[in-house]
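[1] return atomic coordinates for the entry below.
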Amino acid sequence: MKKVLFLDVDGTIVDYHNRIPESAKEAIQAARAKGHLVMATTGRSRAEMQEELWEMGLDGMIGGNGSYVEFQNQVLMHQLIPAEDAKAVVDWLEERGLEFFLESNNGLFASRKFRERGRKVLQSYLMTKGKTAEEVANQEVEDVLHGLVFGGDLYRDDLNKISFILDFYQDHLDSKAAFPQLEAHTWGGRGETALFGDLGVKDINKARAMDLLLGHLAMDRSQTIAFGDAKIDIPMLEYAAIGVAMGNGGPEILAMADLITEDVEEDGLYKAFEKLDLL
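    Modelled structure (predicted):
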């Protein structure tokens, strides 16, 4: 039976050096050759999707953790942070001295000191994913975040999400209290390490976007398999007929998954596709 495969990107398709294992490419291409549909299902905005991801032959993407749905070059849905809320968040972050980047399909627009402040934080991010201090010593923010733009307009009406560096976990809690009309999460490393907070469109998640796509395709949930590694992927795995957690996943997703495969850097995606007879 034809399946729709929903794949998280970071930690699932892409490893912690922002590289795609050759085995992951082979798995995706083989599954598509067998007639299955493959959707990147990610917190990334479209501008963060390096060309190499599209060259594998993806059928489309769910972006912004569910605020954007594109299938075979057709945009099915795109919900944005209201411009007045986006401006208020930028002002709030600048008042608190928190560096940030604004995530849109047109680019990632970084705050003035994000490169300087973000370098160490993103190096820490990679180290929580298992890399050594020596391996990340020369890593720049652009090596980790594809599509960064410096010096752009920070008052925007095209935003999917806003991510900001947490000086303290309280910054996330305060953002949640200050902007109850937005969805607040944290991200930052293997498991559920909180290095960044983010704010996005309220009541949006990957599962709702999956449901919208299935309606467009006239397909059923029984034809879905989802793959992820983080707590934010749990609604997607719960919605799918089969939910697969990567071995590098956090404890919450490992506890609820139907199947646990190997680490992203140990050919985990290919091995899961193999076990599920998708190749």
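[2] element containing the residue most central in space within the chain?
    Central residue of the chain (Cα atoms, centre = their mean): residue 43, 2.7 Å from the mean position. Assigned by DSSP states H and E, residue 43 belongs to no helix or strand.
[3] and the pLDDT at it?
    Looking at residue 43, its pLDDT is 90.
[4] what do you get for residue 142?
    With respect to pLDDT, residue 142 has a value of 82.
[5] that one: what's it in contact with?
    Going by Cβ atoms under 8 Å, 6 or more residues apart in numbering, residue 142 touches residue 148. From N, CA and C alone the C-beta is placed, and that goes for glycine too.
[6] mind listing what's buried along the strand or helix carrying it?
    Assigned by DSSP H and E, residue 142 falls within helix 141-144. For helix 141-144, a neighbour-count test (16 or more other Cβ atoms under 10 Å) marks 141, 143, 144 as buried.
[7] try stretch 144-160
    Neighbour-count burial for stretch 144-160 flags 144, 145, 146, 147, 148, 154, 156, 158, 159, 160 (criterion: 16+ other Cβ under 10 Å).
[8] likewise for stretch 37-52?
    37-50.
[9] pick the one among these closest to residue 278.
    Of all those, residue 38 has the smallest distance to residue 278: 9.5 Å, by Cβ to Cβ.
[10] show me where the stretch 101-250 of the chain has helices.
    Here the stretch 101-250 of the chain has its helices, by DSSP state H, counting those that start in this stretch, at 114-128, 133-136, 141-144, 169-178, 206-217, 234-239.
[11] now stretch 227-235: average pLDDT?
    The model assigns stretch 227-235 a mean pLDDT of 92.
[12] and for stretch 153-161?
    Per-residue pLDDT values across stretch 153-161 average out to 97.
[13] and if you look at stretch 70-81?
    97.
[14] can you pull out the strands in the stretch 51-200 of the chain?
    60-63, 68-71, 74-78, 100-104, 107-110, 148-150, 159-165, 182-187, 196-201 (DSSP state E, counting those that start in this stretch).
[15] could you dump these to CSV with distance to residue 269?
    As requested, the strands of the stretch 51-200 of the chain are arranged in CSV below (distance: least, Cβ to Cβ, whole Å):
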stretch, distance to residue 269
strand 60-63, 16
strand 68-71, 21
strand 74-78, 25
strand 100-104, 24
strand 107-110, 25
strand 148-150, 26
strand 159-165, 24
strand 182-187, 20
strand 196-201, 24
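[16] for those strands, which one sits closest to residue 255?
    Here strand 182-187 is closest among the strands of the stretch 51-200 of the chain (Cβ to Cβ), at 18.8 Å.
[17] show the low-confidence segments of the stretch 151-279 of the chain, by residue range.
    189-193 (pLDDT under 70).
[18] ok, back up a step: export the helices of the stretch 101-250 of the chain to CSV and tack on distance to residue 24?
    Listed next are the helices of the stretch 101-250 of the chain as CSV, based on distance: least, Cβ to Cβ, whole Å:
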stretch, distance to residue 24
helix 114-128, 19
helix 133-136, 20
helix 141-144, 18
helix 169-178, 31
helix 206-217, 19
helix 234-239, 18
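[19] ok, and which of those helices has the densest surroundings?
    helix 234-239 (a mean of 21; mean count of other Cβ atoms under 10 Å).
[20] how distant is it from the center of its chain?
    14 Å (Cα atoms, centre = their mean, to the nearest Å).
[21] give the contact list for residue 119.
    139, 140, 141.
[22] try it again with 10 Å
    Counting by Cβ atoms under 10 Å, 6 or more residues apart in numbering, residue 119 makes contact with 136, 139, 140, 141, 143, 144.
[23] what do you get for residue 153?
    102, 109.
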